[in-house]
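J.: missing the sequence, but the structure's below:
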């Protein structure tokens, strides 16, 4: 058995919030707010679950766009493309050279309103100090990849789709990529999948764990859990308008469809379905208030699943949580190494 270590540093592209403090008129009317942001009903939650189950996330038209050997063949990098729901997607795979079945670890990037490239910096070695795993990085719709591996930069084309479909539909992209891995990588044990992400990426990681039982461990870093609540608090923020509200205001979708999108992007309402989960939040984060973590923790504990959830807090901000924070890195690596 060949054993290799993947040591990675993720450059988290955090959600860019533009908090407007002017005295301009609110984006939404008072009666719209009360209807849009009301507490979800049981019927709405059931409809979302049924919608998830009905989606066809089978990838087609698989192609390998680029390949590279790393460490004289100890690892192989593949940048691949596929089509799902008529949208062409890209993703990257870092595959260890082993004949054995290995778990899959998915890294999900963050969101910036004017940022369409998800960037990651990976440091790989072959010291053999940990079990090998397949590292999978989806570009997500409306985004491309820039991956630096031991100083060498690799890029992908831009995935098709709406960049601002950043949560519920981005989760579709992650799960479709996992389906592709199951189809094409014979050594991938997708029943041992872990998903990690920062900011928006962590929310998508939570949603992936909720929606797919192949995902056994989830890590979210500075990740919101209740997008319905945050959208209600930030209606004048252009990021939330892009992600949830503008299509309603311009008549492209209905109020009910808008609520569906916000609720389906909020892991807190489906938290009882989470697998083993770590959430790492900052006490001084103005973008993702610590209340988001406490609320989902309370929700999970109320279902009797408190032993499956770990919430860690740090005296940091949204953008510097990983800076000089070896404790964070150690907790995540130990947690995901148990796949």
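T.: Yes, it's here. All of these numbers come straight from a predicted model, not from anything done at the bench. Numbers count the residues shown, from 1 in each chain.
J.: wait, residue 122 touches residue 150, no?
T.: Yes. Proximity of residue 122 to residue 150 meets the contact threshold set by CB atoms under 8 Å, at 7.5 Å. From N, CA and C alone the C-beta is placed, and that goes for glycine too.
J.: compare neighbour counts for those two and give me the winner.
T.: residue 122 (24 against 12; other CB atoms under 10 Å).
J.: now do the SS call for the more buried one.
T.: Judged by DSSP: H, G, I helix; E, B strand; the rest coil, the three-state class of residue 122 is strand.
J.: next one: it from residue 176, what distance?
T.: Going from residue 122 to residue 176 by CB to CB, to the nearest Å gives 23 Å.
J.: go on, residue 112?
T.: From residue 112 across to residue 176, the span is 23 Å (CB to CB).
J.: one more: residue 332?
T.: Using CB to CB, residue 332 is found at 25 Å from residue 176.
J.: who's more crowded, those two?
T.: Set side by side, residue 332 and residue 176 give different neighbour counts by other CB under 10 Å, the larger being at residue 176 (23 against 20).
J.: quick check: the more buried one vs residue 299, distance?
T.: Using CB to CB, which is the criterion applied here, residue 176 is 28 Å from residue 299.
J.: swap in residue 146?
T.: Using CB to CB, which is the criterion applied here, residue 146 is 36 Å from residue 299.
J.: the stretch 51-200 of the chain: helices as residue ranges?
T.: For the stretch 51-200 of the chain, applying DSSP state H, counting those that start in this stretch gives helices covering 168-184, 200-211.
J.: what's the angle from the shortest one to helix 168-184?
T.: Between helix 200-211 and helix 168-184, the angle comes out at 70 degrees (axes from the mean of the first three to the mean of the last three CA atoms, to 10 degrees).
J.: after helix 200-211 comes which helix or strand?
T.: The C-terminal neighbour of helix 200-211 among helices and strands, as given by DSSP states H and E, is strand 215-221.
J.: just checking, what packs against the following helix or strand past that next one?
T.: Toward the C-terminal end, the helix or strand that comes next after strand 215-221 (DSSP H and E) is helix 227-233. The elements that helix 227-233 packs onto, with contact taken as 3 or more CB pairs under 8 Å, 6 or more residues apart in numbering; DSSP states H and E, are helix 255-264.
J.: same thing but 10 Å
T.: helix 30-36, helix 238-240, helix 255-264, helix 291-302 (3 or more CB pairs under 10 Å, 6 or more residues apart in numbering; DSSP states H and E).
J.: quick one: closest of these to residue 205.
T.: With CB to CB as the criterion, residue 205 lies closest to helix 291-302 of these, at 13.1 Å.
J.: show me what the mean pLDDT comes to for the helix or strand following that closest one.
T.: The helix or strand immediately downstream of helix 291-302 is strand 309-314, counting by DSSP H and E. Taken as a whole, strand 309-314 has a mean pLDDT of 98.
J.: repeat for stretch 177-188
T.: Computed over stretch 177-188, the average pLDDT equals 98.
J.: need the residues touching each of residue 122 and residue 150.
T.: Overlap between the contact sets of residue 122 and residue 150, as judged by CB atoms under 10 Å, 6 or more residues apart in numbering, is given by 70, 75.
J.: what about residue 266, how many residues close to it?
T.: Using other CB under 10 Å as the criterion, the residues surrounding residue 266 number 27.
J.: which among the helices and strands packed on helix 227-233 is found nearest to residue 84?
T.: Across those, residue 84 has its closest neighbour in helix 255-264 (17.5 Å, CB to CB).
J.: pull out the buried positions in that closest one.
T.: Neighbour-count burial for helix 255-264 flags 258, 259, 260, 261, 262, 263, 264 (criterion: 16 or more other CB atoms under 10 Å).
J.: closest one of the residues you listed to residue 183?
T.: Distances from those to residue 183 were compared by CB to CB; the smallest belongs to residue 264, at 25.7 Å.
J.: ok, that closest one touching residue 203?
T.: No. With contact defined as CB atoms under 10 Å, residue 264 does not reach residue 203; the gap is 11.3 Å.
J.: who touches both of the two?
T.: With the criterion set as CB under 10 Å, 6+ apart, the overlap between the contacts of residue 264 and residue 203 is 167, 168, 171, 227.
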